[in-house]
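In: Output the structure for:
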Amino acid sequence: MELGLVGLGKMGGNMRERIRRAGHTVIGYDRNADLADVHSLKELVDGLTGPRVVWVMVPAGAATQSTIDELAELLEPGDVVVDGGNSRWTDDEKHAEELKAKGIGFVDAGVSGGVWGLQNGYALMVGGEAEHIGRVQPIFDALKPEGDAGFVHAGKVGAGHFSKMVHNGIEYAMMQAYAEGWELLEAVDSVTDVREVFRSWQQGTVIRSWLLDLAV
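Out: Residues are numbered from 1 along each chain as shown. Predicted coordinates:
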């Protein structure tokens, strides 16, 4: 299928590449002309065959709001906008209502995977109406990791970003726990190689995780 992708930074650029590797057409726009396939949102929209899907991958807040405002004037009824940034979930509800008034669908997508997503895939938590999510499903399938996990339709609009917010809170708490554990190990004379203790935990223990692997 065809996708318009707005924002080609560290994550957006890799997402464009992963989607293309899956056989889909991606037209990308970024304020950095060196990264972009087109040089305006209008050119991006005009380059897509309707009904269109445009994925917004820009910083939360004013940047996302201005992008959605501009897309609302360029897109047509039946098109769908996906916000894959880190927007506040209450903003999703506002964006959905603004676009609905123009007949445009809206999906919010919490995305986890960082710079490793190109090779490993991205975990996706999405919110919105089943009809709109179904339109984007081939792109979700291209981005997610192989296997049954890594994608969830979490609920109505806002559910994707709310789930990602909780996910991030868990992530920070895990990292804090590892950091405190490292500090405790360093505080005693009897432990002489803290890194090797952490390395030993990578297999067989109940606290093994990708975050632990990255710490090691």
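
In: List the residues that contact the residue lying closest to Lys102 once chain neighbours are set aside.
Out: Once flanking residues are discounted, Lys102 sits nearest to Ala72: 5.7 Å by C-beta to C-beta, 6 or more residues apart in numbering. In short, each C-beta sits where N, CA and C put it, glycine included. Taking C-beta atoms under 8 Å, 6 or more residues apart in numbering as the contact definition, Ala72 lies against Glu98, Leu99, Lys102, Ile104.

In: Then Gly7?
Out: Contacts of Gly7 were listed using C-beta under 8 Å, 6+ apart, and they are Tyr29, Asp30, Val56, Met57, Val58, Gly85.

In: which helix is the longest one in the protein?
Out: For the chain, the longest helix by residue count, based on DSSP state H, is helix 159-186.

In: Just the element for Val152, please.
Out: Using DSSP states H and E, Val152 sits in strand 151-155.

In: And that strand, what's buried?
Out: For strand 151-155, the buried set under the neighbour-count rule, 16 or more other C-beta atoms under 10 Å, comprises Phe151, Val152, His153, Ala154.

In: nearest to Leu185, of those residues?
Out: Sorting the buried residues of strand 151-155 by distance to Leu185 puts Val152 at the head of the list, at 36.0 Å, by C-beta to C-beta.

In: The closest one and Gly61, how far apart?
Out: 25 Å (C-beta to C-beta, to the nearest Å).

In: now do Thr49
Out: For Thr49, the distance to Gly61 under the criterion C-beta to C-beta works out to 31 Å.

In: how long is stretch 18-25 from one end to the other?
Out: Across stretch 18-25, the straight-line distance between its terminal residues is 11 Å, by C-alpha to C-alpha, to the nearest Å.

In: from the chain's centre, how far out does that stretch sit?
Out: Remark: stretch 18-25 is offset 16 Å from the chain centroid, using C-alpha atoms, centre = their mean, to the nearest Å.

In: Quick one: mean pLDDT for it?
Out: Confidence over stretch 18-25, taken as the mean pLDDT, stands at 98.

In: Contacts for it next, please.
Out: With contacts defined as C-beta under 8 Å, 6+ apart, stretch 18-25 is touched by 1-3, 5, 26, 117-118, 121-122, 138-139, 141-143.

In: go with 10 Å
Out: By C-beta atoms under 10 Å, 6 or more residues apart in numbering, the residues outside stretch 18-25 that reach it are 1-5, 16, 26, 28, 47-49, 55, 113, 117-122, 138-139, 141-144.

In: Quick check: longest strand in this protein by residues?
Out: If each strand of the chain is counted by residues according to DSSP state E, the longest one is strand 105-112.

In: partners of that one, with directions?
Out: In the sheet containing strand 105-112, its partner strands are strand 80-83 (parallel), strand 123-127 (antiparallel), by DSSP bridges.
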